[in-house]
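> Would you be able to build a 3D model of this:
(chains A and B)
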Amino acid sequence: MDEAKALEAFPGPDEDLARKAYGSLCESGRRFLRAYLRDKLRHRCDHDDLIEDAVQDAFIKIWRLRESFTNQGVAAWYAYLKRVADTCCTDILRGKRPDIPLPTYRDEEAPRHELVVVDKIMEQILAAIQAGRLTHLADTLWLELDPALSEDTHVRQLLAAQLTYLDGAPWQEVLDMLGASLPGEDPLTRETLDAWLAHPGVLRYVAYNELYYANDRLAGALLGLGNGVASEALDALMRQALDSTPADEAPGGWNWPEVAVILWRYRNALLLEQIVQRSDCPLTRPQIKALLVRTGAHLPFNKKMADLLAGLGRAPGIPARAVLGTPGLWKRLAFQYCYTDDLPHRDIQERTQPAAERVGYTITLAALNGWLSQGRLIRQLAHYGAEILGGGDGNA
Amino acid sequence: MRRQEEELPGLTPENAAILKAWLQSREALRPPVLPAPTTTQMVRYLSGTLPIEEARAIERSLVSHPEARGHLRQVRAALNRLQIQPWADVAEQARQESADSEVTKEWLERVSTQAAAMPQARAWWLSQGWSAVRRQAAEGAAEAQAAWTAFLAFGEQLRLGLQQPRLAQARGGAEDRPVVAGRLPAGGRVEVLHAAITEDGALQVTIALRDGNNRPLSGEEIPAHLALVFEGRAWPVASTVGEQDRYEWMIPDAGAALDLPAGQLPPGCLQITFGEPAAPASAERQILLAEVRDAAGQPVPAPPARIELPEAPRWEAGKLMVALQLPAVTYAAYADYQLHLDFRAAPLGWQRLGTWPLRAWGEAAPICLIIPFPGGPEGMLPDASGLRATLQAPA
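The predicted structure is shown next:
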């Protein structure tokens, strides 16, 4: 049952249908609340248990409040869910840890008229998701890829540029590898390849792929495990790290307690405070602080940008700094880190600023606040998606 | 379009937080974890035999696996080495373990699959037609890929043919006529109004029917079938029904697929069959055009050389029999050259069958090359254009 129908049925007189609607709303609502509470309770070490308790309590409350519930649209539903979860959190915390106050900055009531805008944004983003186009739209919008080309062609452009600039393949070799005159497509010519390789959007696409380190990838890189480390391998490492007598030598030249902290910090994006509060944390606060200074020196972003600039520098006439020093690349990275990896702004800055500096761009917390905390980027993407997909008037 | 520079008003932190949690809960932006392609997949990707969806998936995987890109380059280099060795040597290597043995075995499999499907390739093309063969080949069907590969090979001969003085002259407007067959209205004749490869790679042909007094003659809704033809070998590409005296064909990417340059196409390259589409006959005696290369293997600006094949090549008991004869003019011009003979083994790959010095043959009697082809099928190579001949200057 889709959300709009479930919201209609939930307060209705047919209890069987209402239960079905409730089940459907719980499913999407739990995922939403976990994401929301993870962010809200980021400063706490016991947030996993707290989140599950709060989500559980919230849905019990929502069923009890069913008769007084009025359907006011999808955005209003999520605002309601959030308010109920906030109340549940407060209740739980008052019962368990009354000394820790809840953050209050998000507790103000949203203006009603803005929920209409949020509804529209959700509708437009959902249309892009259902078309399987959201990532491609984000790439096209902020990296400024040629919007007339398909996602498959953009991937081929990226591959051609990677082979050329990162791997040093000569053009003939790139043509041989990508020039497949497969049925249904035209052969790649030297002229087309040259145009691809000089396109600013393609260069930013290469940079984005080089610079974006999802949490697992970054943890793997810091532990010296290469580019494509499997999630299961990192799970196994964490188990070993927390084992009192790990059998093997720790990876990457670290010791096992350090491995555990690196995984918490970079894979799970925990803050220093959260790590310190963990009962199973094997290091003290000063040790962790010292470790994070050392890991900071191992972060790959600066070197990645230096290598990329060197690769682009081998091609004559590519204004690499000008192309990569525009806001779009950094907006794309910030958007991804925020909405996929759930990083706080300081962490986003840590993963972008070293590379941005190399091309003369500065990423401030104020800029990230405007892009992310005020929802400007998601609004822009929804607007763009509506224009491209034709599913709305774009007035998000 | 520079949409990102538009300044949209911000939302309250409350609503921005709702949107953030909502989008995070959808997991819609998380990049898919794609496994690195295997060596087998790389060989198939590079030879153009993967279904198109799988080829795209390989590319999506390669962009996130730098090591796999390095491996792809190694596989390509290994394939290039294999493709210039005689086929029997490649088959022998596949039995031995070496750094390239995985590539060798897969390439052997590709070539054998192609060879096995080759005797039926032309029949498949005739029964299915251009569009269906393209679609099936993109889906990875072996018969369709063989048919498509044979058609591409034919296209290469046609392209070389256009470099010959006679056809090239026709491009300049000299007298040239299409081959016309089938049930043409009584007293009618065909006038080619337009035949060209357009700038965007389409094949565009328009003809008109004329009576004995050069007046328009209605086609009476008789269907007409267009084929490309070269040296008596015809490959049908499209059918249409006329409107009054006009027949038009537009095949969007035929020229691009066959790598034919944009420009007028000589009417002599066309065959038009009216009425029922009869299976176009293949010439008994076929011509194979050989590209001429310098000692370094680079093409030279000379017209291609003609080699005659008195009978269709055929596979028999693990050997490929190719009878050929050098016209006096070819022998006179290139007696010191070496002939490389290759087999079109995949849409994107040729396999060397062998190399022979012309001097050893002379120009008189046909020569029958008996080429070891381990794993070859039993049957005829239906079109000599499944072969590629190159004449290379002595070092």
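
> Any stretches of the chain with poor pLDDT?
You didn't say which chain, so I picked chain A. Within chain A, the stretches falling below the threshold (pLDDT under 70) are A:45-46, A:96-112, A:180-186, A:391-396.

> oops, chain B please
Counting by pLDDT under 70, the ranges of chain B that qualify are B:1-7, B:165-175, B:278-284, B:363-364.

> Which parts of it are helices?
Assigned by DSSP state H, the helices in chain B fall at B:13-26, B:39-47, B:52-62, B:66-83, B:87-94, B:101-117, B:121-139, B:142-162, B:165-171, B:254-257, B:328-334.

> Would you mind giving those as TSV with distance to A:Leu218 and mean neighbour count added?
C-beta: built from backbone N, CA, C; applies to glycine. Shown next, in TSV, are the helices of chain B (distance: least, CB to CB, whole Å; neighbours: other CB atoms under 10 Å in any protein chain shown):
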stretch	distance to A:Leu218	mean neighbour count
helix B:13-26	18	23
helix B:39-47	28	23
helix B:52-62	20	19
helix B:66-83	16	19
helix B:87-94	43	19
helix B:101-117	33	21
helix B:121-139	38	19
helix B:142-162	42	23
helix B:165-171	60	15
helix B:254-257	43	23
helix B:328-334	62	15
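
> burial of A:Glu191, as a residue count?
8 (other CB atoms under 10 Å in any protein chain shown).

> List the contacts of the residue of chain A found nearest chain B.
Going by CB to the nearest CB, chain B is nearest to A:Gln374 of chain A, at 2.9 Å. Applying CB atoms under 8 Å, 6 or more residues apart in numbering or on different chains, we find A:Gln374 in contact with B:10-13, B:16.

> Quick check, central residue of the chain?
Picked chain A for this. The C-alpha lying nearest the average C-alpha coordinate of chain A belongs to A:Thr340 (CA atoms, centre = their mean; 1.9 Å).

> not what I meant, chain B
Most central residue of chain B, judged by C-alpha distance to the mean C-alpha position with CA atoms, centre = their mean, is B:Leu152 at 1.2 Å.

> Correct me if wrong: it contacts B:Leu258.
Yes: using CB atoms under 8 Å, B:Leu152 is in contact with B:Leu258, at 6.8 Å.

> Within range of chain A, give me the residues from the stretch 51-200 of chain B.
With the criterion set to CB under 8 Å from any CB of the partner chain, the stretch 51-200 of chain B comes near chain A through B:52, B:55-56, B:59-60, B:62-67, B:69-70, B:72-73, B:76, B:133-135, B:137-138, B:148, B:152.

> and with 6 Å instead?
Applying CB under 6 Å from any CB of the partner chain, we find that the stretch 51-200 of chain B lies next to chain A at B:52, B:56, B:59-60, B:62-63, B:69, B:76, B:134, B:137-138, B:148.

> What number of residues are in the vicinity of the residue in chain B that chain A sits nearest to?
Among the residues of chain B, B:Gly10 lies closest to chain A, at 2.9 Å counting by CB to the nearest CB. Taking other CB under 10 Å as the criterion, the count of residues near B:Gly10 is 17.

> quick one, what contacts residue 34?
If you meant another chain, say so; for now it's chain A. Residues touching A:Arg34, when contacts are defined by CB atoms under 6 Å, 6 or more residues apart in numbering or on different chains, comprise A:Ile51.

> try chain B instead
B:60-61.

> Same check on B:Tyr45?
For B:Tyr45, the residues meeting the contact criterion (CB under 6 Å, 6+ apart) are B:55, B:58.

> for B:Arg359, same thing?
By CB under 6 Å, 6+ apart, the contact list for B:Arg359 reads B:Ala335.

> So for the residue nearest to the centre of chain A, what's the nearest residue that isn't a sequence neighbour?
Counting by CB to CB, 6 or more residues apart in numbering or on different chains, B:Leu29 is the residue found nearest to A:Thr340 once chain neighbours are left out, at 4.5 Å.

> The one you found: neighbour count?
The tally of other residues near B:Leu29 (other CB under 10 Å) stands at 17.

> ok, it - contacts?
Each residue near B:Leu29 by CB under 6 Å, 6+ apart is listed here: A:135, A:339-340.

> Make JSON lines from these and add distance to A:Ala355 and secondary structure to it.
Rendered in JSON lines, the data for these read as follows (distance: CB to CB, whole Å; DSSP: H, G, I helix; E, B strand; the rest coil):
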{"residue": "A:Thr135", "distance to A:Ala355": "21", "secondary structure": "helix"}
{"residue": "A:Tyr339", "distance to A:Ala355": "20", "secondary structure": "helix"}
{"residue": "A:Thr340", "distance to A:Ala355": "18", "secondary structure": "coil"}
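
> now, among the residues you listed, which is nearest to B:Leu391?
When the contacts of B:Leu29 are ranked by distance to B:Leu391 (CB to CB), A:Thr135 comes first, at 51.2 Å.

> nearest spatial neighbour of that closest one, skipping sequence neighbours?
Nearest residue to A:Thr135 in three dimensions, chain neighbours excluded: B:Leu29, at 5.7 Å (CB to CB, 6+ apart).

> Just read off the phi/psi values of the one you found.
For B:Leu29, the backbone dihedrals are phi -100, psi 0 (criterion: degrees, to the nearest 10).

> how far away is it from B:Gly201?
Distance, B:Leu29 to B:Gly201, by CB to CB, to the nearest Å: 36 Å.

> circling back to that earlier point, can you tell me how far the closest residue in space to the residue nearest to the centre of chain B that isn't next to it in sequence sits from B:Pro313?
Nearest in space to B:Leu152, with sequence neighbours left out and distances taken as CB to CB, 6+ apart, is B:Pro347 at 6.1 Å. Taken as CB to CB, the spacing of B:Pro347 relative to B:Pro313 amounts to 20 Å.

> More neighbours: those two, which one.
When B:Pro347 is set against B:Pro313 and neighbours are counted by other CB under 10 Å, the residue ahead is B:Pro313, at 25 against 22.

> Verify the stated contact: that one with B:Leu381.
Yes: if you go by CB atoms under 6 Å, B:Pro313 and B:Leu381 touch, sitting 4.2 Å apart.

> what residues does chain A put near chain B?
Among all residues of chain A, those adjacent to chain B (criterion: CB under 6 Å from any CB) are A:31-32, A:35-36, A:78-79, A:82, A:106, A:110, A:114, A:118, A:129, A:134-135, A:141-142, A:147, A:152, A:155-156, A:158-159, A:167, A:177, A:180, A:182-184, A:186, A:328, A:339-340, A:373-376, A:378-380, A:384.

> How much space separates A:Val261 from A:Asp280?
11 Å.

> Please identify which of these two sits among more neighbours.
More neighbours surround A:Val261 than the other of A:Val261 and A:Asp280, with 25 against 8 (other CB under 10 Å).

> Not counting its own residues, what contacts the one helix or strand the more buried one maps to?
Assigned by DSSP states H and E, A:Val261 belongs to helix A:256-262. The set of residues that contact helix A:256-262 without belonging to it, under CB under 6 Å, 6+ apart, is A:222, A:241-242, A:246, A:250, A:282-283, A:288, A:291.

> Also stretch B:99-113?
Residues from elsewhere that reach stretch B:99-113 (CB under 6 Å, 6+ apart): B:39-40, B:43, B:47, B:49, B:75, B:78, B:82, B:93-94, B:142, B:345-346, B:351, B:375.

> Centre of the chain to that stretch, how far?
Taking CA atoms, centre = their mean, to the nearest Å, the mean C-alpha location of stretch B:99-113 is offset from the chain mean by 21 Å.

> Same question for stretch A:129-143.
Between the centre of stretch A:129-143 and the centre of its host chain there is 14 Å, according to CA atoms, centre = their mean.

> For residue 179, give me its contacts.
I'll assume chain A. For A:Gly179, the residues meeting the contact criterion (CB under 6 Å, 6+ apart) are A:187-188.

> actually chain B
Contacts of B:Val179 were listed using CB under 6 Å, 6+ apart, and they are B:229, B:271.
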